[in-house]
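>>> Sequence first, predicted coordinates after that:
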Amino acid sequence: MDDGAIAALRDLYSDLEIDGQVLDLCGGGQAHFEVPPDSLVVFDGEDKAELPYGDAEFDDVVCLLAGVKQPKETLVEVARVLKPGGHFVCSFVGGADDAGRVRKLRKYFDGSPAFAGAESDLRTSLTGSGDRLWAVWATRRP
C-alpha cells in the first residue's frame, strides 16, 4: 500500500472509532492507526478456521484481505470473538475487479445472521495515480 492508501485506512479506522481491544487479522499493526487502540492483538497464525481467542474478546476486528483464504469460515470465527456492537472492517487495495470483490464481501456479511447490513466505501480517489483503498464493514449484532 502506498502512503495515500495508508492515510485513507487511518482515516477509516478513526471515522469508525476503532478502539479498545482490537484484533488485527492480517498484521497491519499500529502503523495503520491514527490513534492506536488501547490494545492491538496482531494475529500471526495461519489462515485456519478457528481463531485462538475467547468468545466476545474483542471490541473491533480489522483485516487487510490479502491473506484471508477462507472468508466464510473467517467471518463465522470473527463473529464469535467480536463483542456485540463491534465492527469487522475488511479493506483491500484495488485490483482487476474491485466492484466484484466489494459485492462478494458485502454478500458474505449480508448472508451472516451475526452481522447487521454491510457498508462499503472507496476511501481514496478513483481517478488518482495512487493505490485505491476499498473497505467493507459491518457491525456485530447483539
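On my side now, so go ahead.

>>> ranges for the strands of this protein?
Counting by DSSP state E, the chain has strands at residues 21-24, 39-42, 60-64, 87-93, 119-122, 133-139.

>>> Return the distance of Tyr13 relative to Val22.
9 Å (Cβ to Cβ, to the nearest Å). Heads up, the C-betas are built off the backbone N, CA and C, glycines and all.

>>> Can you check which residues contact both of these two?
Shared contacts of Tyr13 and Val22 (Cβ atoms under 8 Å, 6 or more residues apart in numbering): Val62.

>>> which one of the strands of the chain lies closest to Lys107?
With Cβ to Cβ, the closest approach to Lys107 among the strands of the chain belongs to strand 133-139: 9.9 Å.

>>> got a list of contacts for the closest one?
Here strand 133-139 has contacts from 1, 4-5, 8-9, 12, 16, 85-94, 98, 101-102, 105-106, 109, 112, 115-124, using Cβ under 8 Å, 6+ apart.

>>> Okay, now the unreliable bits of the chain?
Applying pLDDT under 70 to the chain picks out residues 46-49, 66-68.

>>> quick revisit: just the buried residues of the contacts of strand 133-139.
By neighbour count, with 16 or more other Cβ atoms under 10 Å, the contacts of strand 133-139 hold 1, 4-5, 8-9, 12, 16, 86-94, 101-102, 105-106, 109, 112, 115, 118, 120, 123-124 as buried.

>>> returning to what we had before: can you redo the strands of the chain as CSV with distance to Ala31?
Below are the strands of the chain laid out as CSV (distance: least, Cβ to Cβ, whole Å):
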stretch, distance to Ala31
strand 21-24, 11
strand 39-42, 11
strand 60-64, 12
strand 87-93, 14
strand 119-122, 21
strand 133-139, 14
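
>>> so which of these comes closest to Thr74?
Per Cβ to Cβ, nearest to Thr74 of the strands of the chain: strand 60-64, 7.8 Å.

>>> Cool, thanks, signing off.
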